[in-house]
Every structure is written in structure tokens, then in C-alpha cells.
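[1] no FASTA, just this:
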């Protein structure tokens, strides 16, 4: 459940004579796969998500969700969306009611709705704010709220458009690990766009877009070796990857051995302590 | 000098929905100073920015600007609206005019009451400073510009007011690395001895080597106010945790603390990589040696 296929899509926003954004664009995403989409503004990241959700319709070609063709004029009911401007997606003045909104529309029973609302709000760390006014939430909290709304629907596919752009530092790490555990737990297909390469590492597959063309499709780890492409796309190699690369090159660690700053520091600290022991 | 004295704020005070978001904030922004305000989401940064810019009246505490008390009851309209200016999150979403020129000139025409010639002078000046192609874009709809240009246009409309204090709430949100870098150099150019800035940000890398002081908020309180070096060395782990220091900063602090590099503590990536390279060159033998004997020891 949850595979997505775009089959020779052609899509244009403008007049027929304008050059279309996507021309004969094909992409297959397997069920349960987590794909990060990167690229400069205007590359077509958001458009891609909107096409998959059925909010936009290609002029040519076919989109299939769960191996079924998405008919013209219908939404993809296998997918839940989170878009970049949280305040445009909040529909209820009260936090818990906002999460419940989609569930009510899905015709679920009040018991199921209450249970799912609580679960989703606990996931994103907003359960204590359940009765607060949603417009009293900060930008980052609003982003977590709409994420809760999408998670509560338990769709087989999650489409996240820069879902953490206003969530910073500690909460950002927490949200990324939340997405990881959700992906493991419910094994849904996930597509998320981001402008930070760090975030792309949570995904199994990275797709880089430029003006509607796929310029990279593969592992996020291999992508960071492609310095010229990264530069060309206006992205930055994550700091940790730069540090690890240097330590690995010096022969102190095997490629892929160091995954975090703590590990990196441990390698250099252990040595330091040994050195102290040797000198004394 | 902008000064917040013992500011506390509760939303919906006196109702069942009351929620205290700020507690006893003390804060000073001297002329010419640039302060970075950071902390987890929901810690009260935006509310503080709104209070400092006069959009929200705090339930407790006083604000002073150049010695003038701003929270005297009945002192509305806000007496310093052209001197303390807030660029809220995604300022371009507040665009309302049909052309870039109307958008940029509105504050000068309606707010300050300047005449046509003065408005043109000021806009040309600020557009030049920001590298914004005003002549070319003047008649376009502001919403038809690229995201980077929209952000510039929004900032130009505020900077044209020539504020003494500029408060920016997440000025880089939604911009890519290049656009962000460009915006920061514009702000650096605009900054001067008489202009001060308070910048709210959660992606700190690009600001750390430029700002003089860092203020850290957590759960409505200001848990730290001082220089970046002081923050790294602070014995209070909550402050460091709430600030969530960038990887490069954490690592250059680690190198310095462990005697692997003389410093400085910095967010400048290439510089930290040089520090690491030097440490590796000097001590590679020892590192390798200890790494090799690792299995037999454990």
C-alpha cells in the first residue's frame, strides 16, 4: 500500500505556449519509501507534491497511487499533506479541534477521533496545549499542529512540504526523530521537501530537482560527495558531514563509521585521554 | 537605548484560557548593538519581539526608549512606531499593494507624511543599499517577485522608515542558503553605530560570527544574555541546550576545550575545518596509535 507512480507527466502553470515545468516526467516511489526532495526555489518541489495529491492536474500523463490511476478532478485519498505555510492550513480556533477536523470529515466515531487526536498531539508534543487557541501557538508550534493533523489521518502516504521550516534547534531534532519513528511504526510512504541537506539524511532516498528535471536520484550519503551539484543547487554540505569526511580521510575512522557529533568527539577525546596517560 | 524592565505577559489574562508566556524579562539593546535572540519554538521570542515593537502591551513591566517610558497608560498611538520597527515572520505575506512602488512608499506617505520627492529619494537610497532593482520592478505586483526579491522588498519598505531599532523575526525563514547569505550581508551593510538590531533566529550559523551578543529564551524566561564564547563556556546546560548551538560552534568549542586548537570558537565552517586539520596533522600519530590499540584495551 502506498506506492506512487508518475508516468510521463507534462505540467505547465502558464499559457500553452509557455515552456512547461515538467515534460514527460516519470518517477516511481515504492510503498513505504521515504524520499527527500531538494532543489532551488522554482525547481518544482511543491508542484510535485500537489500533483501527487491531486491538487494540480497534469496536462499529459498519468499519476497512479496504490497502483490505481488518479482520475481527473479527484483528490488522492491515500495521501495526507502538510504545506509550507502553517497558518493557512489551520481551520479551527482550538488546537484539538483542528486535529479533529479531518477525522470528522472522514466520518470516524467520536471515540476514535478523541483517541487519535490525543495520540497525534502527544506525538508532536502539543497535548498540553490541546485546549489552547491555535492562533496563540508560535510558528514552530503551528507547524507541529498541522503535522499532527496529517498524522492523525493515518494515510498510507505523507506529503510534507518543508514541514520544519519554522521549527528550530532542539524541537527540530525531536520532530525529525518523530518522523523517523512514525515511518518505522506505520511504514507509510513519505515525501518531504527541504532546503536543509541535514534533514534529507533522515530519508532513504534523495531526489534533487532543477527546473522540473531530476538531476540526482539516489542515496543521500552519496549525494554529499557531489560538491559541484550541491553548489549549483544552492545547497550546503552539512557541517557534520564535512568534519567526518576530514577525520575519515586522515585514516582515523572507516567510511560510514561516524554518524554523530558525539561519536566524532569521542574518537578525538579517547585519543586525548590516552595521550595524557602516555605522557604521565 | 531600548530597555525592557521586568516584562511579564499572560495571554487572555483573567479567563480560563490564560497562558503566561513571558516571565520577568530584563533586556537592553544599546545603540549600534546587534543581538541574536534564540530559543526553542514556543519559548516566547515572537511575543517579546511584539512587545518590544509596541504591537502587544505587556501585562506587567515597563519599556523605555532613550529614557522615555513607553507603557504609560493611554500612550496610544505608540509614540515611536517609526523608530522601532518590526519585520515579522515572512514579512512579504503582508503585501497589500498592487505595485512594488506603492508597497514600498506606503509607510513613508501615510505613516511619515513625506512628499513625493522625499519618498522617491528615500526609496532610491534604500534600494541602492539593498541591491534591489527598484526602477525595473516598480510597476510589478510585489507578489509576482521571486521569494528572495519579495523578502528584500518587504525589508526595503521597513528600512526606508530609517528606524533606530530594527527587530527581525526569523528573517531567513523560507530562503535558501544563498538567498540567506545575501540577506545577511545586506543587514551587515545597513547596520551602523546609530542603528541597532535584534534578530530572532533558530538557524544560528550565519549570525554567530557577526552578532555581539546572544540572548537565549526558554519557557518564557531569558536564561542567558552575553557573548557567544560566554554561552559556550556557560556552566548552565539549560542555556546551551535551549540555544542549540550549531555543529561547527560546538565542535570548535570542543577542540579548544580539549587543547586541540587555540580557537577561536566560531561558526565559520572553513575556519573550523582548518582547526581540525591542524589538530589532525599535529596529533595524527597519537590518534592513530590509540585507535589501533582500542580493541585490546576494551
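    Cool, got the structure. Fair warning: this is a prediction, and the values are worked out from it, not measured in the lab. Numbering: from 1, shown residues only, chains lettered A, B, ... in the order given.
[2] for the stretch 151-280 of chain A, which residue gets nearest to chain B?
    Closest to chain B within the stretch 151-280 of chain A is residue A:168: 2.2 Å, counting by CB to the nearest CB. Quick note: C-beta positions are derived from backbone N, CA and C, even for glycine.
[3] tell me the pLDDT at that residue?
    In this model, residue A:168 is scored at 70, pLDDT.
[4] Provide a list of residues in contact with it.
    Residue A:168 makes contact with A:140, B:38, B:40-41, B:201-203, B:244, according to CB atoms under 8 Å, 6 or more residues apart in numbering or on different chains.
[5] switch the residues you listed over to JSON lines; also include pLDDT.
    Below are those laid out as JSON lines (pLDDT from 0 to 100):
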{"residue": "A:140", "pLDDT": "83"}
{"residue": "B:38", "pLDDT": "92"}
{"residue": "B:40", "pLDDT": "85"}
{"residue": "B:41", "pLDDT": "81"}
{"residue": "B:201", "pLDDT": "89"}
{"residue": "B:202", "pLDDT": "79"}
{"residue": "B:203", "pLDDT": "75"}
{"residue": "B:244", "pLDDT": "82"}
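[6] nearest to residue A:70 among these?
    residue A:140 (32.7 Å; CB to CB).
[7] low pLDDT regions in chain A?
    Under the criterion pLDDT under 70, the flagged ranges of chain A are A:1, A:16-17, A:270-280.
[8] need the strands for the chain, in chain order.
    Going with chain A. Assigned by DSSP state E, chain A shows strands spanning A:4-11, A:22-29, A:34-38, A:60-65, A:68-69, A:79-82, A:157-161, A:189-193, A:205-210, A:213-218.
[9] chain B was what I was after
    B:2-11, B:19-29, B:34-38, B:60-65, B:68-69, B:84-87, B:165-169, B:196-200, B:213-218, B:221-226.
[10] so which of those strands is nearest residue A:68?
    Closest to residue A:68 of those, according to CB to CB: strand B:165-169, at 44.3 Å.
[11] residue contacts, residue 83?
    I went with chain A, as the question did not name one. Residues near residue A:83 by CB under 8 Å, 6+ apart: A:46, A:49, A:89, A:146, A:161.
[12] switch to chain B, please.
    B:65, B:163-165.
[13] one more time with 6 Å, if that's ok
    Listed by CB atoms under 6 Å, 6 or more residues apart in numbering or on different chains, the contact partners of residue B:83 are B:163-164.
[14] and the gap between the most centrally placed residue in chain B and residue B:248?
    What sits nearest the mean C-alpha location of chain B, by CA atoms, centre = their mean, is residue B:199, with 1.2 Å. As judged by CB to CB, to the nearest Å, residue B:199 and residue B:248 stand 19 Å apart.
[15] and what of residue A:265?
    13 Å.
[16] what about the stretch 1-150 of chain B, any weak spots by pLDDT?
    Low-confidence segments of the stretch 1-150 of chain B, defined by pLDDT under 70: B:72-79.
[17] phi first, then psi, for the residue nearest to residue A:74 when sequence neighbours are not counted.
    In this structure, residue A:74 finds its nearest non-sequential neighbour in residue A:54, 5.9 Å apart by CB to CB, 6 or more residues apart in numbering or on different chains. Main-chain dihedrals, residue A:54, degrees, to the nearest 10: phi 90, psi 10.
[18] and residue A:54, how far from chain B?
    According to CB to the nearest CB, to the nearest Å, residue A:54 and chain B sit 25 Å apart.
[19] that older thread, can you tell which of the strands of chain B is closest to residue B:110?
    Closest to residue B:110 of the strands of chain B is strand B:84-87 (CB to CB; 14.9 Å).
[20] ok, the closest residue to residue A:143 other than its chain neighbours - contacts?
    Excluding the flanking residues, the one nearest residue A:143 by CB to CB, 6+ apart is residue A:86, at 4.6 Å. Each residue near residue A:86 by CB under 6 Å, 6+ apart is listed here: A:142-143, A:146.
[21] nearest residue to residue A:7 other than its sequence neighbours?
    Nearest to residue A:7 is residue A:62, by CB to CB, 6+ apart, at 4.5 Å.
[22] surely the one you found is in contact with residue A:8?
    No - counting by CB atoms under 6 Å, residue A:62 stays clear of residue A:8, with 7.4 Å between them.
[23] how many other residues sit next to the residue in the stretch 1-150 of chain B that chain A sits nearest to?
    Minimum separation of the stretch 1-150 of chain B from chain A (CB to the nearest CB) falls at residue B:41, amounting to 2.6 Å. Close neighbours of residue B:41, defined as other CB atoms under 10 Å in any protein chain shown, add up to 25.
[24] against residue A:255, how distant is it?
    Per CB to CB, residue B:41 is found 35 Å from residue A:255.
[25] quick check: the residue of the stretch 1-150 of chain B closest to chain A touching residue A:170?
    No - assessed by CB under 6 Å, residue B:41 is found out of contact with residue A:170, at 8.9 Å.
[26] quick one, helices of chain B?
    Applying DSSP state H to chain B gives helices spanning B:45-52, B:100-106, B:116-130, B:134-137, B:147-159, B:177-190, B:205-208, B:228-233, B:237-243, B:247-257, B:269-297.
[27] single out the most deeply packed of these.
    helix B:45-52 (a mean of 24; mean count of other CB atoms under 10 Å in any protein chain shown).
[28] what angle sits between that one and strand B:196-200?
    Using axes from the mean of the first three to the mean of the last three CA atoms, to 10 degrees, the inter-axis angle of helix B:45-52 relative to strand B:196-200 is 150 degrees.
[29] contacts only, for the most centrally placed residue in chain A.
    Centroid-nearest residue in chain A, with CA atoms, centre = their mean: residue A:192, separated by 2.4 Å. Residues in contact with residue A:192 (CB under 6 Å, 6+ apart) are A:36, A:160.
[30] just list whatever residues bridge to the closest residue in space to residue A:204 that isn't next to it in sequence.
    Leaving aside its sequence neighbours, residue A:204 sits nearest to residue A:34 (CB to CB, 6+ apart; 5.1 Å). Beta-bridge pairing for residue A:34 (DSSP bridges): residue A:190.
[31] quick one on the thing from earlier: quick one: which of the contacts of residue A:83 is most hemmed in?
    Using other CB under 10 Å as the neighbour test, those are led by residue A:146, with 26 neighbours.
[32] and the gap between it and residue B:39?
    Per CB to CB, residue A:146 is found 22 Å from residue B:39.
[33] ditto for residue A:59
    Distance check for residue A:59 against residue B:39: by CB to CB, it reads 47 Å.
[34] can I see the domain layout of chain B?
    Listed by automatic domain parsing, the domain ranges of chain B are B:1-83+B:163-244, B:100-162, B:246-298.
[35] with respect to residue A:245, which of the ones you listed lies nearest?
    domain B:246-298 (9.3 Å).
[36] what mean pLDDT does the closest one get?
    What domain B:246-298 shows for mean pLDDT is 79.
[37] what's the nearest residue to the residue of the stretch 1-150 of chain B closest to chain A if we skip its chain neighbours?
    residue A:140 (2.6 Å).
[38] what's the neighbour count on the one you found?
    Neighbour count of residue A:140, defined by other CB under 10 Å: 26.
[39] what separation do you get for it and residue B:137?
    As for residue A:140, its distance to residue B:137 is 32 Å (criterion: CB to CB).
[40] would you mind listing what in the stretch 1-150 of chain A touches chain B?
    A:41, A:136, A:138-141 (CB under 6 Å from any CB of the partner chain).
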